[in-house]
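I would like the atomic coordinates for the input below:
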Amino acid sequence: MFIRTTTGRNKDGSTRIYLHLVQGYRVNGKVKQKVVANLGRLDVLRVGGSLDRLITSLARYSERCWLEAEGEAQLAWAKCYGPVLIFRRLWERLGLARQVGRLPAGSRVDFPVEEAVFAMVLHRLLDPGSKRATHRWLKTVYRPEFESLELHNLYRALDHLVQKKEKIEEALFARNRDLFCLNFDLMLFDTTSVYFEGQGPEGLAEYGYSREHRPDRVQVVLGLLMSRDGIPVAHHVFPGNTADIKAFRHAIADLRRRFPLRRVVIIADRGVVAEPLLEELELEGMEYIVGMPLRKWKEVREIVLSRAGRYHEVKDNLKVKEVEAGGHRYIVCHNPEGEERDRKERESIVAMLAEHLSQGELSGLVKRKGWGRYLRVKEAGKVEIDHKKVAEEARYDGKYVLRTNTSLAAEEVALDYKSLWQVEHAFRELKSGLEVRPVYLRTEAHVRGHIAVCFLALVLEATLGRLLKGQGTRASYREIMADLFELMAVRFEARGKAWLWRTELQGLAYEAFRAVGVRPPARVQPITQV
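Numbers count the residues shown, from 1 in each chain. Alright, predicted model coming up:
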């Protein structure tokens, strides 16, 4: 049944609205409707609260409406609900529920593996911690399917996930390509390191070059492949003593075998650039775009930056010009806004140096980061500002130099290098927001499974961010998540039954539901599993 309104017109041109209670029914497959009762004129019913009393009276005979109207119930618990709904929808939309849930033939599993993996991924996204912490945390979120999970189920699920890693990534690649029409013509690949607390699994946890400045810790090396659009595609885990070139070589061969990729470009910042690495990339026929050290690389410092030429504007804050030197192709990038920032920073440092020197305060000036380059020590230990060096430094303002062996236009090279921030951001998320480190797990399978969980969490986060951006949401991912956390599931007991009451959507929470294509659940619903 439902309410229908009809409108009549008075002689003076005014209108009157009548309310009717209408029932729908079918006759030979066709929908018919009949008026069950005429409730009267709307303006008359509103006088004196007659309409409100009628609605309240009817609500007494509906358990759900009565609960919303009266609110006389006993609170049992309140759990996190909003993010669970959003990420579960994405998990299913990306086909992960189906892919992770497929067990190898002959497998004997007595727990929901797919739910265990989803639980760990969700924990990475919302409140990362150890597997023991994950098991405790499951009691704070509302998803009845989590209630049967035991701690040992989580560890066993990691073993299963390692076996499925390649097939899951390949299915994700195909799904993202079809679902979001992503640009897979050019892929970005980079590596980082993650250290362990403790010994770690032998053969995987090894000492090596640490990008986290922890040479005292054993580590693993991670490789991450991403699309130009910022969507993670695949990841690799190498022993901690693996050289960059070896990781690049192995990963690209594997990726070309598994994915229909036109080209993969190694994009790296100046922190990993060394002549032997570039030479090996050339010999291996690998395409690369790398940021070059401006002051330490002689060819860049003395030739590339000194070469005259006109800049071509790419964006308001980015200009580029191409330079050939030593048989290599360089792209000089200039950021006018960055030039102004660098100039002001240098002038500020020089002013502070002058003040310290005038007062005879010399302690620590030379060793202070970024300050020592502007000073020189003369005879008898006298320290003074090196004004020639100050003038030389101005040539670096707002500039960075790229070296590439690709055939991409200079503008594309510059923009693709700027896309490196997406890979670096992903690594930062893995190592901070998703807390892939420090790793305490001891077996190789568990370590690899743990990193695969972090990778899937990164996929969900990047996908939600892309969907939000695609629908024109200007708020940040963090702002949306903060509002989603306000959406709670509250368990009430009333009239001898258990009910689930969801709290009101706050702020921008609805934007997330709209982005993933799902409606918020009903305000009140019976709980079938308690």
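
out of the helices and strands in the protein, which is least certain?
helix 63-70 (a mean of 55; mean pLDDT, DSSP states H and E).

output stretch 252-262 as CSV, restricted to C-alpha atoms.
Presented in CSV, the C-alpha positions along stretch 252-262 are these (Å, rounded to 0.1, in the frame of the first residue of the first chain):
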residue,chain,number,x,y,z
ILE,A,252,60.0,-6.8,-16.0
ALA,A,253,60.6,-10.3,-17.4
ASP,A,254,57.8,-11.6,-15.1
LEU,A,255,55.4,-8.8,-15.9
ARG,A,256,55.9,-9.2,-19.7
ARG,A,257,55.1,-12.9,-19.3
ARG,A,258,52.0,-12.4,-17.3
PHE,A,259,50.4,-9.2,-18.7
PRO,A,260,49.8,-7.9,-22.2
LEU,A,261,51.9,-4.7,-21.6
ARG,A,262,53.2,-2.6,-24.5
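
run the chain-centre distance for that stretch.
Mean-position distance between stretch 252-262 and its chain equals 24 Å (Cα atoms, centre = their mean, to the nearest Å).

and it, which residues are buried?
Ile252, Leu255, Phe259, Leu261 (16 or more other Cβ atoms under 10 Å). (Glycine included, C-beta is placed from N, CA and C.)

what residue ranges in the protein score low on pLDDT?
56, 59-74, 104-106, 180-186, 271-272, 361-370, 380-381, 420-440, 494-495, 529-530 (pLDDT under 70).

domain parsing of it, as residue ranges.
What automatic domain parsing lists as the domains of the chain is 2-59, 74-79+480-526, 183-298+412-442, 337-396.

point out the most buried one among the ones you listed.
domain 183-298+412-442 (a mean of 18; mean count of other Cβ atoms under 10 Å).

for the helix or strand Lys165 falls within, name the packing helices and strands.
Using DSSP states H and E, Lys165 maps to helix 151-180. Helix 151-180 sits against helix 96-101, helix 113-126, helix 131-137, strand 232-239, helix 244-258, helix 444-470, with contacts defined as 3 or more Cβ pairs under 8 Å, 6 or more residues apart in numbering; DSSP states H and E.

would you tell me what the next helix or strand after that helix is?
strand 187-195.

quick one: distance of that following strand to the chain centre.
Taking mean C-alpha positions (Cα atoms, centre = their mean), strand 187-195 and its chain are 16 Å apart.

now do the helices in the stretch 301-450 of the chain.
Ranges of helices in the stretch 301-450 of the chain, per DSSP state H, counting those that start in this stretch, are 336-358, 387-393, 410-418, 420-428, 444-470.

nearest to Gly129 among these would be which one?
Of all the helices of the stretch 301-450 of the chain, helix 444-470 sits nearest to Gly129, with 11.7 Å by Cβ to Cβ.

tell me the angle that closest one makes with strand 232-239.
150 degrees (axes from the mean of the first three to the mean of the last three Cα atoms, to 10 degrees).

make 32 the first number, not 1, from now on.
Done: numbering now begins at 32, and the last item shifts to helix 475-501.

elements contacting helix 475-501?
Going by 3+ Cβ pairs under 8 Å, 6+ apart, helix 475-501 lies up against helix 113-124, helix 144-157, helix 182-211, strand 250-258, strand 263-270, helix 508-515, helix 540-547.

can you give me the buried ones in the third one?
Going by neighbour count (16+ other Cβ under 10 Å), the buried part of helix 182-211 is 184-189, 191-193, 195-196, 199-200, 202-204, 207-208, 211.

now do that helix: distance to the chain's middle.
17 Å.

what's the neighbour count on the closest residue to Leu495 other than its chain neighbours?
Of all residues not flanking Leu495 in the chain, Leu121 sits nearest, at 6.2 Å (Cβ to Cβ, 6 or more residues apart in numbering). Counted with other Cβ atoms under 10 Å, the neighbours of Leu121 add up to 20.

correct me if wrong: Leu121 contacts Ala546.
No. Between Leu121 and Ala546 there is no contact under Cβ atoms under 8 Å: 9.3 Å.

report the set of residues contacting both of the two.
Common neighbours of Leu121 and Ala546, using Cβ atoms under 8 Å, 6 or more residues apart in numbering, are Leu495.

mind listing what Tyr427 touches?
Leu325, Arg326, Leu336, Asp373.

out of these, which are inside strands?
When the contacts of Tyr427 are checked against strands (DSSP state E), there are no matches.
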